[in-house]
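S.K.: next input, structure requested:
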Amino acid sequence: MSVSSLVTDRRGFLAATAGIGASALLPFDAMARTPANWAALRTLVDRYVAEKKVAGMLIGIARRDAPSEYVSAGTLGFDRTESPDPKSIWRIYSMTKPITGTLAAMLIDEGKLGLDQPIADFLPAFAAMKVASDPAVGLDGVPAKTAITVRHLLTHTAGFTYHFVPNSAVAQAYRAQGLMPGLRSLGREPTDGAHPNSLQAFAEAAAKLPLVAEPGTVWHYSISLDVLGAVIEKAGGAPFDEQLKARIFKPAGMADTGFAVPDAAMRRLATNYFLQDGRLVPIDVPPRSEFAGPGPYPSGGGGLVSSAEDYLKFLRLLADGGRLGDRQVISPAAARLATSNLLPEGVMYEGTQGYGAGGRVVIAPGGGIPGSFGWGGAAGTLASTAPAQRLSVVLMTQYMPQQAYPLPVEFAQAVMTDISG
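M.R.: A predicted model of the protein is given here:
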């Protein structure tokens, strides 16, 4: 049975595959005592598995210098016997964004990029962008008044959009041009254009289409972190995926994070499911996974797979000023920049909150601990770190669409219960 025949709400599926709505951040009180057994988190994991909402789930917790702790239940697939463990591999989709943003922060700290530098300095095709007069109905536009900068790409304020946005002529044009980063084969339609064959070709094609908003004026979820990957290639002088591996994955010991799953590791990749009429239908099953090989180009906005162990290492870097154990993997300045509110003046996320290098930053009461930084992924994954308290949490599971269950809220409540004792 084809994926298209399983999906009754096409827009919902496309939104899920790109990670929309996956921005929950955890309101935890990190100054309280460490619980002995993470009882609330265990209850949450056990309940989701017992109710067959997911095949398996694993939560990782990293606090200060203590060894990481894990809570898990279930299996990597309903018809499989492998239990999830810290080295199990999951599709993290938009949890790729903070990693891309952190690499950009490193280049900014080294003077190879400027936070407010126009991206046309690296990608000249973006020198004369237009803003659609009415993005819903057509592609006619007027010249943009403001140049797109690195800050705009980091914070989704560049004026780009995503291919799954409903009732948008610009989004439809993205589909026609194959501008669907993070999407491989799942969710594609016969009328979709072919994927660009490189990250630079992707950026060149995006530059030919109008923006949906004036740069620097509004937060709009988009392909901006993918365009940032193309900028990073130019600024760093090497392919984007090679820079990620050399600058973050290898020095941090993130051996299971990448844009494809090697054959030898495929048994550790969880099955991915789509919730259809109350039933979880397998849509990507190892070893015949679309992640058995790389995508058409490395998607900095949604292309990575990772393990809980690896992603906790990344979060520890951000929480501990760029250090992992006794190693300084990234500079303290880059770690601070990545987790800071970088939104242009006058722009807010969710009305009162900030946004950093590819993730939400809490700056107002009610959203969590001030300074907390995090994001989530289309297939149910969630991650958050509180640098001031050196506390990080990651949740790994695999189901789509992410908004099918109230897991982000329930996860936040469980962490709060356990931390507050």
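
S.K.: helices of the stretch 251-400 of the chain, residue ranges please.
M.R.: Counting by DSSP state H, counting those that start in this stretch, the stretch 251-400 of the chain has helices at residues 308-319, 332-338.

S.K.: who wins for proximity to residue 158 among those?
M.R.: Judged by Cβ to Cβ, the one of these that comes nearest to residue 158 is helix 332-338, at 17.8 Å. All C-beta atoms are positioned from the backbone trio N, CA, C, and that covers glycine.

S.K.: so how far is the longest strand seen in the chain from its chain's centroid?
M.R.: Counting by DSSP state E, the longest strand found in the chain is strand 56-63. Relative to the mean C-alpha coordinate of its chain, strand 56-63 is positioned 17 Å out (Cα atoms, centre = their mean, to the nearest Å).

S.K.: what sits up against stretch 130-145?
M.R.: For stretch 130-145, contacts defined as Cβ atoms under 8 Å, 6 or more residues apart in numbering pick out 128-129, 159, 161, 167-170, 173, 209-215.

S.K.: 6 Å instead?
M.R.: Residues from elsewhere that reach stretch 130-145 (Cβ atoms under 6 Å, 6 or more residues apart in numbering): 129, 167, 168, 169, 170, 173, 210, 211, 212, 214.

S.K.: so the fifth one makes contact with residue 211?
M.R.: No: in this structure residue 170 lies outside contact range of residue 211 using Cβ atoms under 6 Å: 7.9 Å.

S.K.: which residues are common contacts for those two?
M.R.: With Cβ under 6 Å, 6+ apart, residue 170 and residue 211 have no common neighbours.

S.K.: tell me which of the helices of the stretch 251-400 of the chain sits nearest to residue 347.
M.R.: With Cβ to Cβ, the closest approach to residue 347 among the helices of the stretch 251-400 of the chain belongs to helix 332-338: 17.7 Å.

S.K.: that closest one packs against which elements?
M.R.: helix 97-109 (3 or more Cβ pairs under 6 Å, 6 or more residues apart in numbering; DSSP states H and E).

S.K.: angle of the helix it packs on against helix 308-319?
M.R.: On the basis of axes from the mean of the first three to the mean of the last three Cα atoms, to 10 degrees, helix 97-109 is oriented at 40 degrees to helix 308-319.

S.K.: which of the helices or strands spans residue 234?
M.R.: Per DSSP states H and E: residue 234 is located in helix 224-236.

S.K.: so what touches the following helix or strand past that helix?
M.R.: Sequence order places helix 240-244 as the next helix or strand after helix 224-236, per DSSP H and E. Contact with helix 240-244 is made by 199, 229, 232, 233, 236, 259, 298, as judged by Cβ under 6 Å, 6+ apart.

S.K.: got the CA positions of helix 240-244 in PDB?
M.R.: Provided in PDB are the C-alpha atoms of helix 240-244 (Å, rounded to 0.1, in the frame of the first residue of the first chain):
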ATOM      1  CA  PHE A 240      28.000  21.500   4.800                       C
ATOM      2  CA  ASP A 241      27.700  17.800   5.900                       C
ATOM      3  CA  GLU A 242      31.500  17.500   6.100                       C
ATOM      4  CA  GLN A 243      31.700  20.600   8.300                       C
ATOM      5  CA  LEU A 244      29.100  19.200  10.600                       C
END
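
S.K.: buried residues in it?
M.R.: Within helix 240-244, the residues scored as buried using 16 or more other Cβ atoms under 10 Å are 240, 241, 243, 244.

S.K.: now for the helix holding residue 234, which elements pack on it?
M.R.: helix 97-109, helix 150-154, helix 199-207, helix 240-244.

S.K.: out of those, which is closest to residue 275?
M.R.: Using Cβ to Cβ as the measure, helix 97-109 is the one of the helices and strands packed on helix 224-236 that comes nearest residue 275, at 23.6 Å.

S.K.: wait, which of the helices and strands packed on helix 224-236 is closest to residue 86?
M.R.: Set against residue 86 and scored by Cβ to Cβ, the helices and strands packed on helix 224-236 come closest in helix 97-109, at 18.2 Å.

S.K.: number of residues surrounding residue 179?
M.R.: Residues near residue 179, counting by other Cβ atoms under 10 Å, number 26.

S.K.: contacts only, for it.
M.R.: Listed by Cβ under 6 Å, 6+ apart, the contact set of residue 179 reads 205, 206.

S.K.: cool, and the one 5 residues further on?
M.R.: Shown in contact with residue 184 (Cβ under 6 Å, 6+ apart): 290, 295.

S.K.: can you list the buried residues in stretch 342-357?
M.R.: Neighbour-count burial for stretch 342-357 [16+ other Cβ under 10 Å]: 342, 343, 344, 347, 349, 353, 354, 355, 356, 357.

S.K.: on that earlier part again, now render the buried residues of helix 240-244 as CSV, adding distance to residue 52 and pLDDT.
M.R.: Below are the buried residues of helix 240-244 laid out as CSV (distance: Cβ to Cβ, whole Å; pLDDT from 0 to 100):
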residue, distance to residue 52, pLDDT
240, 39, 98
241, 36, 98
243, 41, 98
244, 36, 98
